[in-house]
Structures are given as structure tokens and as C-alpha cells.
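**Student:** Just a sequence and a predicted model for now, questions to come.
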Amino acid sequence: MEVPAGGLLAAHGAAGSGRTSLLLALAGRMRLSGGAVRVGGYELPAEGRRVRGVVAVARAAPAVALEGRLRVREVMAERCLTSPGVSERGIRAAFERLEIAPREAALVEELGAVEGVLLATALALAERPGALVVDDVDDGLPPEVQGRVWQALDRVRDEGPTVLAGCLRPPPSGPGLVTLLLPQRSRDRLPAGSAVGREDGGI
């Protein structure tokens, strides 16, 4: 399996299929149970530290999730403090790119499902990563609004990053889309030699 640079991997399957673990493994944040994966020019598990440096995780609960009791302006400030190179200006540019305008005084848990996933995505995009992970893309979303989130992720790809997404159902087919169906009770294994992104060191 190979995901092109600037492409979209949609790992889809029911709860318990191993989507979250797989995405965290691709981000270098969980050890693979077997085989090897190449992310850009780096190979997992040997070069996990380098992979972590180029892959931003927007959401992969419970391991990575925004604190619901914080206000939007607080998670913005926190990201500026904890992620080198991230600025408020960069975050606002990501908001514009994803076409969201969250109320900065609102608690994260008060945001709607669409705004919540796109807020997390915008904060990760502001890190200017080579690849971006976002899980539960369609969680809690009625079919009529899921398209808005997938369209926003396409705009993320327009900025350059490869998007690695987890979902219940894959988006409609399109350029650069690679789908991976995970069976129930998957052991989160990828075939040996799987690749994500370019072989020349890019993503």
C-alpha cells in the first residue's frame, strides 16, 4: 500500500477495528506489532523520532484530544507555547483555510461536532507538518454534513500535507485517495514494505 505525497489515506472500519492504533503507529507514536512502514524518507519503527517530527496528530482519542473544559482561546495559546513555530497568526490562517470561525470564548466541549474536529485539525495544520493525522472524522456527524469535513481535509492537502484519516465510512473517491478497510478486531498490522508519501524524504 502506498499513499502519495499530498494524498489522503482513509482507514475505515467499525469501533474496535484498530483505526486509532494504526494511525498512531503511522505517526510514530505507537509501536508496530510487525512489518515496517516508510513515512516519507523515514522507516518505522527504526526512525520513529524523525517521523514524529514531521507528522502532526490533530485527534486520535483518547491518546490525543483537545481538553473540553478549556476555551478555544486557551487551546490556541497552549498550542503556541507547546509547538515550536506555531503562532496565533498561523492558527488564524488555518481557521480561514478550513473555513471555520470558532467563538474564542466558547469551551471546546460546547462546539458542534464539525467545528470540533476542524478546530483540532486547524491547530495541527498550524504546525506546518508533512503529514496530519485525524481520527473519527465522521464520528457523530449526519451524512449531510460529513462532506463539509472531507472538503476541509482536501483543503489541508492543498497546503501540502498528506492526510491520514480514520473514519467509519470512506469519503467519495477522488484524486489521491487511498482507502484501507480494517476488519473488526484488527491487530493493527500493515503489510511489510507499506509506504506513506514520497521516497525522497518528503511526505
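**Tutor:** That came through, no problem.
**Student:** In contact with residue 27, which residues?
**Tutor:** Counting by CB atoms under 8 Å, 6 or more residues apart in numbering, residue 27 touches 51-52, 55, 57, 60, 131, 133, 164. C-beta here means a position set from N, CA and C on the backbone, and glycine is covered the same way.
**Student:** 6 Å instead, please
**Tutor:** By CB atoms under 6 Å, 6 or more residues apart in numbering, residue 27 lies in contact with 55, 57, 133.
**Student:** what's the answer for residue 95, then?
**Tutor:** Shown in contact with residue 95 (CB under 6 Å, 6+ apart): residue 122.
**Student:** what does residue 85 give?
**Tutor:** Counting by CB under 6 Å, 6+ apart, residue 85 has no contacts.
**Student:** same thing with residue 12?
**Tutor:** Residues near residue 12 by CB under 6 Å, 6+ apart: 167, 169-170.
**Student:** For it, give its distance to residue 56.
**Tutor:** 21 Å (CB to CB, to the nearest Å).
**Student:** what about the protein, any weak spots by pLDDT?
**Tutor:** Applying pLDDT under 70 to the chain flags residues 185-203.
**Student:** residues near residue 139, how many?
**Tutor:** Applying other CB atoms under 10 Å, we find 15 other residues in the vicinity of residue 139.
**Student:** My reading is that it lies in a strand. Confirm?
**Tutor:** No: read with DSSP: H, G, I helix; E, B strand; the rest coil, residue 139 is coil and lies in no strand.
**Student:** Distance check, it against residue 75.
**Tutor:** Per CB to CB, residue 139 is found 19 Å from residue 75.
**Student:** And for residue 181?
**Tutor:** 33 Å.
**Student:** And those two? Which one has more around it.
**Tutor:** For residue 181 versus residue 75, neighbours defined as other CB under 10 Å are more numerous around residue 75 (21 against 11).
**Student:** where along the chain do the helices fall?
**Tutor:** Along the chain, counting by DSSP state H, helices occupy 19-26, 48-54, 72-82, 88-98, 113-125, 143-158.
**Student:** Of all the ones you listed, which one is nearest residue 4?
**Tutor:** helix 143-158 (10.1 Å; CB to CB).
**Student:** Buried ones in that closest one, by neighbour count?
**Tutor:** Within helix 143-158, the residues that count as buried by 16 or more other CB atoms under 10 Å are 146, 149-150, 152-154, 156-157.
**Student:** Export these as CSV, with columns for distance to residue 118.
**Tutor:** Shown next, in CSV, are these (distance: CB to CB, whole Å):
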residue, distance to residue 118
146, 12
149, 7
150, 11
152, 6
153, 9
154, 13
156, 10
157, 14
